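In: Here's my sequence, what's the structure:
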Amino acid sequence: EPRPCGCNTRKLVNNRFPARKGWGLGFNNCGTPQRLINIKNLFAYSLICLFTFINHSTHLTHFRKRLAFTLAGVLITLGVIGIVAAMTIPTLINNYQEKVTVTKVKKMYSTLNQAVKLAEVDNGPVNTWDLPLYLKGGSQKLYGYLKPYLKVSKECVEDNSGNCLDENITITQLDGTVNPTAVKTYASKAYVKIFLSDGSFLWLRSNASGVNCGDEDAGFQDLCGLFWYDVNGSAAPNTLAKDIFVFVVRPKGVYPHSDDDCYLDKLGWGCSKWILENDNMDYPATKPSDDE
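Out: Next up is the predicted model:
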C-alpha cells in the first residue's frame, strides 16, 4: 500500500513481514520502510541514500545562502532609511506643529467669542461697558468683565512687570524684522497679561479713543478692545503669524485682526484671519500687485 514519501511495503501477515532468507527491510530518506532489499545489495543501497542526503543538504545550504543578509547590504539599507527619514521627519514635525497652532488659534477665537457673549448676558452689550482709555485702569476693567469666563492659571494685573513675566522677549514680524511697537506692547503695563490653563498667553487692552468702542485699529472703525494671543507662552519663536495672533472685540463680537498684510514678506498682523478662513498657515509669499 502507498505510504508517505513514496514508500511501499509488503503486506503484513500476522503483523509480521514474511521471512525470506537473505532479505532485509530497506528505508527511504524519510525513515519509513520503502521495500525489501537483498542483504548483498545493502551496501550499494546505503551509498545511494548517502549521496541523496548530501545532494539535499547542498541545495539547502545554497538556499540559506540566498536568504542571508550581508553586512554591506544591511549598512546600505540603513543608510537609505536614514536619508528618507532626514527628508521626511522635519516635514512631518512642521505639519504637526502647524496643526496644533491652527487648532489653538481657532479654539481661542471661539473662547473669546463665548467669553464676550457670556459677559454681555451679565453686564449688557459690550459698547455699554464704559471702557476708558487703554491705560492700566481701562484694561483692567475690560479684563474684569471677561475674567469669570476664561480659564486663567496666572494673571499679571497689579504686577504686570518682570516679576510676572519676562519683559526682554523680542517679538518679530512675519518678514523677520523686529517690531518695536510689539516689543513695547509686550512690556507695557497698560496691558493686562494672563497665562491660561493650557500654557498659552493672552494680553489685552481696552480701546484707545476714550469713547466706548470708538477706536480705529486693526482694520476696523469701531474697536472696543484688542487681544494678543501667544499659543505657547514666552517660548520661541515669538513671531507674528507663527505663534502670536491678534483679535479684537467690537460691538457685534470678536473678530480676527483684518489688516491685509498676511504675506511672508509682510508684517503678518492679519494672519489670524487667514487661519480662520483657510484652516492652514500656508501664507502667500507676497502680495499681488494691483496690475495682476
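In: in the stretch 51-200 of the chain, which spans are strands?
Out: 152-156, 192-196 (DSSP state E, counting those that start in this stretch).
In: pLDDT of the longest helix belonging to the chain, averaged?
Out: Longest helix in the chain by number of residues (criterion: DSSP state H): helix 71-123. Taken as a whole, helix 71-123 has a mean pLDDT of 89.
In: relative orientation of it and strand 192-196 in degrees?
Out: 130 degrees (axes from the mean of the first three to the mean of the last three CA atoms, to 10 degrees).
In: what's helix 71-123 packed up against?
Out: helix 136-146, strand 225-230, strand 244-250, strand 253-256, helix 271-278 (3 or more CB pairs under 8 Å, 6 or more residues apart in numbering; DSSP states H and E). (C-beta placed from N, C-alpha, C; glycine too.)
In: Now tell me what touches the last one from outside.
Out: This means helix 271-278. 102, 105-106, 109, 174, 229, 240-241, 245-247, 256-258, 262, 281, 283 (CB atoms under 8 Å, 6 or more residues apart in numbering).
In: returning to what we had before: for the helices and strands packed on helix 71-123, please prepare a markdown table with the additional fields distance to Leu75 and mean pLDDT.
Out: Converted to a markdown table, the helices and strands packed on helix 71-123 look like this (distance: least, CB to CB, whole Å; pLDDT from 0 to 100):
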| stretch | distance to Leu75 | mean pLDDT |
| --- | --- | --- |
| helix 136-146 | 61 | 87 |
| strand 225-230 | 46 | 92 |
| strand 244-250 | 46 | 95 |
| strand 253-256 | 52 | 95 |
| helix 271-278 | 45 | 96 |
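In: any weak-confidence spans in the stretch 151-292 of the chain?
Out: Applying pLDDT under 70 to the stretch 151-292 of the chain flags residues 158-163, 165-167, 182-185, 187, 208-211, 290-292.
In: picking up where we left off before, now, of the contacts of helix 271-278, which are buried?
Out: 102, 105, 109, 174, 229, 240-241, 245-247, 256-258, 262, 281, 283 (16 or more other CB atoms under 10 Å).
In: Closest one to Ser200 out of these, please.
Out: Closest approach to Ser200 among those (CB to CB): Tyr229, at 6.7 Å.
In: Help me confirm that the closest one comes into contact with Ala241.
Out: No: if you go by CB atoms under 8 Å, Tyr229 and Ala241 don't touch, sitting 11.8 Å apart.
In: distance of Glu155 from Lys117?
Out: Here Glu155 is placed at a distance of 22 Å from Lys117 (CB to CB, to the nearest Å).
In: Who has more neighbours out of these two?
Out: Glu155 (17 against 13; other CB atoms under 10 Å).
In: give the contact list for the more buried one.
Out: Glu155 neighbours (CB under 8 Å, 6+ apart): Tyr143, Lys147, Val192, Lys193, Ile194, Phe195.
In: what about the fourth one, how many residues close to it?
Out: Lys193 has 25 neighbours, counted by other CB under 10 Å.
In: Kindly report the same for the last one.
Out: By the other CB under 10 Å criterion, the neighbourhood of Phe195 contains 19 residues.
In: where's it relative to Ala119, distance?
Out: 20 Å.
In: Then the second one?
Out: Going from Lys147 to Ala119 by CB to CB gives 9 Å.
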